[in-house]
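Visitor: Predicted coordinates and the sequence they were generated for:
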Amino acid sequence: MEGPMASISLAPAPAATAGCGSGSRFAHVQQAPEDPIYGVTNAFLKDPSPVKVNLGVGAYRTEEGKPLVLNVVRKAEEQLLADKSRNKEYLPISGITHFSRLSAQLILGSDCPAIAEKRIVTAQCLSGTGCLRVGGEFLAKHYSGPKIIYIPATTWTNHFRIFPNAGMEARTYRYYDPKTKGLDYEGMMEDLRAAPSGAVVLLHACAHNPTGVDPTREQWAEIQHLVRDEKQLLPFFDSAYQGFASGSLDADAWAVRQFVNDGGETLVAQSYAKNMGLYGERVGALSVIVKDPDVALRIESQVNLVIRPMYSSPPTFGAAIVCTILGNKALYEEWKVELKGMADRIISMRHQLFDALKARATPGTWDHIVNQIGMFTYSGLSKEQVEYMKTEYHIHMTSDGRISMAGLNTRTVPQLADAIHAAVLQFA
Amino acid sequence: MAATSSSAVSALGSAAVRWTSRCIFALADNRCTWTFVPQRQLSGLTSAGVSGQKVVSTTSFVKRQFSGLRGAAFPGQKVVSTPLFVKSNSRTTMTLAAGVSKFEAVTMAPPDPILGVSEAFRADTSDAKLNLGVGAYRTEELQPLVLNVVKKAEKKMLESGENKEYLPIEGLAAFNKATAELLLGADSPAIKEGRVATVQGLSGTGSLRLGAAFIQRYFPGAKVLISSPTWGNHKNIFNDAGVPWSEYRYFEPKTVGLDFEGMMADIKDAPSGSFILLHGCAHNPTGIDPTPEQWEKIADLIEEKGHMAFFDVAYQGFASGSLDQDADSVRLFVKRGLEILVAQSYSKNLGLYAERIGAINAVVHSSDVAVRVKSQLKRLARPMYSNPPVHGAKIVANVVGDAALFDEWRAEMEMMAGRIKTVRQRLYDDLSTKDKSGKDWSFVLKQIGMFSFTGLNRAQSDNMSDKWHVYMTKDGRISLAGLSLAKCSYLADAIIDSYYNVQ
């Protein structure tokens, strides 16, 4: 018995490199380029300066510059460890059922008609990335529309890798306008209008990464009209910052809920990496909302078929923490307070940085620092300016000028402001 | 003064309806108030409207634009004494769930042949039921087991208050070091020379998937040979990774043993440069392993044909009870200087099933190559899940990294492997005693690891569950890890009945 013939490989087999490997069958394998985001952390680690600042990775830091494990998370862990009835048996392929239910309620609201009508399938996956990959592979296998996904031209770089690897063709729509440092709304609408009917469109639920630029509610309504009525596009939401952007879980879910509640079909990828600080535990939930409970059941079985040959079933620990918190009223309330605390600290960093630049009368407009939403500021600084800030001021950030505001604190804001000021003057 | 405004009802488009709303402004006593009166005309729509459409839910979005009144339009503010011009624009949109689902044609997938067994078991209400489906270890009381060393490690981890930052894409460094040493031996020259590329993976499945994806990209067109039979998920992994596969003969039903000649012939016939998937020990599902002499010959042939061995090591320590002995097959290949791929899992031997902890290793000819291979394995992991989960990795690193815990782990593993051997003996004794026909049941003793390949066919396996409430996979595999001494007699009866009375 034989399996299928080889399908198209994603990269052409590189030419054999002569010399090294002395007859190794792997001699032709080339060194992969470093992931740009991890590259920043590596450069930061190598920097010997005692005043170095890491504004690269999107991981929250406290005012003291330390990683944070939420109090509710610690409480949940203690509870789990003390629970003698727990074991480490394989989870079902789609994860902890209770976790999936709670996650759907969190993003869609517990009164969401789709939930009541059982038109939703939710699978526990490995954080945002895992949800997007499983969702992408499911669509590549089962979506009856074009297997094309439209991604914002400026987006988290991993989006561009996930979908082709999943079997979807990735195309872009204009998003960021460097002139206004805001949304290129006309460009976005034009590009989506030009998409083939029924294509998939990736939408950042809130706190767009890396730009921090979100559509207004009016713009969202128009986007919804275009997606649903004009082009019948299939929306696939990436929700990595619910509660983290504005401090309100409901406000940050507004766009997703608008779409889901209009009765159309939607996919949602949820991550608990940032809003519960569960980064390394890899917890997320993929939801597919459809029009019919029968279709939902069939989709569930097919999503399972995507997961089983990828990793069989998801890791339990992080999801159990989420269940413990979301399923307990007191812990849930405590979580909301801690979440708002994180969001507020970031917002305050935005204002501090803005004020510091104003105080220095740094040339240029800096309103975008306080207008952009979420963890990142798309500063508008050039590659040269970023490089200059690294060498002269030991400020590390990605070369696209994206600043992780979560990595700032009251002590480092002045240093960053000085660096920006100097870089702007140096490369006017 | 009252003013009303309304917006026109637009014709029903493909899915949108706009309808009238009225906004009434009253200006009196120097105050302006307004009332918004939505007029929903939905009830007529479903019948009069568009066939095949259903009103599922509504959303309303109201946009208010006031001009001229801006300073004075809001309650509590003073009216300006100039001519007022009121213009309002409100629109409420409802989008209907139009058209057919884009997923209408999705068919129901069959339940997983292995995981589906546990579901069927759960649904069975009989007191006599026995779950011999999934390869998950059970105690004599048929309870799941969390190892003591795991509990100790978790307690230590909680007390040390470590953070939950992202691991690097390749996983926890301490885990990667520990896992390579466990597999190849701490003093392995390959490790010392930097010739081992190790990337933490999502248990055995995830590690196999990374290896398969690597083969697809860097050895396009190369085929993988998998044993007949093998773990049911192997073919799915290679299918989804886009790697062609075929089978090599393995199980000989006549002897209930290894079809060594068939295996060697099929490996020989494979195009040069094929990948041969080998179970490091405790073959799943048959429990039949090559002897050390046979392993030597397999290595000879693989070398001769320019193939590459891809080891699946899911039971290290569980087969014989000894971690080192169970790694002999892998170490043989490495000692011979052969390049190999190895997927490891800690699901069974550390009972970390649900934590999904394993590793993909490439043992290669030079450290330069190892560095490059590792970088490309990372490049495959990043678009799949970005970086692996931290919890299971830390447990393994803590257990292996602490001499006392490591010794305790060895003892717990010997205990688990020992219980399975005891159960095998009892089952064999019961079968031999109860079966008067003189059939040779000794394969139960000879087979190694968690599973026994009973030789029962599909209909006979169905009889096991339908009549005896004994749940197993349809290929005739039973998990001895799920069997207690107390249940051996019952199981022997069930097997004998199914074997002789069902065709």
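Guide: Cool, the structure landed.

Visitor: residue contacts, residue B:211?
Guide: B:310, B:341, B:343, B:360 (CB atoms under 8 Å, 6 or more residues apart in numbering or on different chains). Where you see a C-beta, it was placed from the backbone N, CA and C, and this is true even at glycine.

Visitor: confidence score at it?
Guide: pLDDT for residue B:211: 98.

Visitor: mind checking the SS state of it?
Guide: Put simply, residue B:211 is helix when judged by DSSP: H, G, I helix; E, B strand; the rest coil.

Visitor: any idea how far it is from residue B:122?
Guide: 33 Å (CB to CB, to the nearest Å).

Visitor: just to revisit the earlier point, so which of the contacts of residue B:211 wins on neighbours?
Guide: residue B:360 (31 neighbours; other CB atoms under 10 Å in any protein chain shown).

Visitor: Am I right that that residue is in a helix?
Guide: No - read with three-state DSSP, residue B:360 is strand and lies in no helix.

Visitor: who's it bridged to?
Guide: residue B:199, residue B:343 (DSSP bridges).

Visitor: can you give me the helices for the stretch 101-250 of chain B?
Guide: Assigned by DSSP state H, counting those that start in this stretch, the helices in the stretch 101-250 of chain B fall at B:115-123, B:148-159, B:173-184, B:189-192, B:203-218, B:233-241.

Visitor: Could you identify which of those is most buried?
Guide: Mean neighbour count (mean count of other CB atoms under 10 Å in any protein chain shown) peaks for helix B:203-218 among the helices of the stretch 101-250 of chain B, with a mean of 27.

Visitor: Do you know the pLDDT at residue 375?
Guide: Here I'm looking at chain A. On the pLDDT scale, residue A:375 gets 91.

Visitor: if you could check chain B rather than the one you did, that'd help
Guide: On the pLDDT scale, residue B:375 gets 97.

Visitor: and the helix ranked longest in chain B, what does it pack onto?
Guide: Determined from DSSP state H, the single longest helix within chain B is helix B:403-434. Helices and strands touching helix B:403-434, as assessed by 3 or more CB pairs under 8 Å, 6 or more residues apart in numbering or on different chains; DSSP states H and E, comprise helix B:148-159, helix B:390-401, helix B:443-446, helix B:488-501.

Visitor: List just the nearest of the contacts of residue B:211 to chain A.
Guide: Checking the contacts of residue B:211 against chain A by CB to the nearest CB gives residue B:341 as the nearest, at 9.9 Å.

Visitor: and of the helices of the stretch 101-250 of chain B, who's closest to residue A:325?
Guide: Proximity to residue A:325, assessed across the helices of the stretch 101-250 of chain B by CB to CB, is greatest for helix B:148-159 (16.1 Å).

Visitor: In terms of secondary structure, what does the closest one contact?
Guide: Packing partners of helix B:148-159 (3+ CB pairs under 8 Å, 6+ apart): helix A:71-82, helix B:390-401, helix B:403-434.

Visitor: quick one, that helix and helix B:403-434 angle?
Guide: 150 degrees (axes from the mean of the first three to the mean of the last three CA atoms, to 10 degrees).

Visitor: I'd like to check the angle between helix B:148-159 and helix B:390-401, please.
Guide: 120 degrees.

Visitor: I'd like to check what contacts helix B:148-159. Which residues are they?
Guide: When contacts are defined by CB under 8 Å, 6+ apart, helix B:148-159 is touched by residues A:77-78, A:81, A:88, B:350-352, B:394-395, B:398-399, B:405, B:408-409, B:412.

Visitor: Perfect, that will be all.
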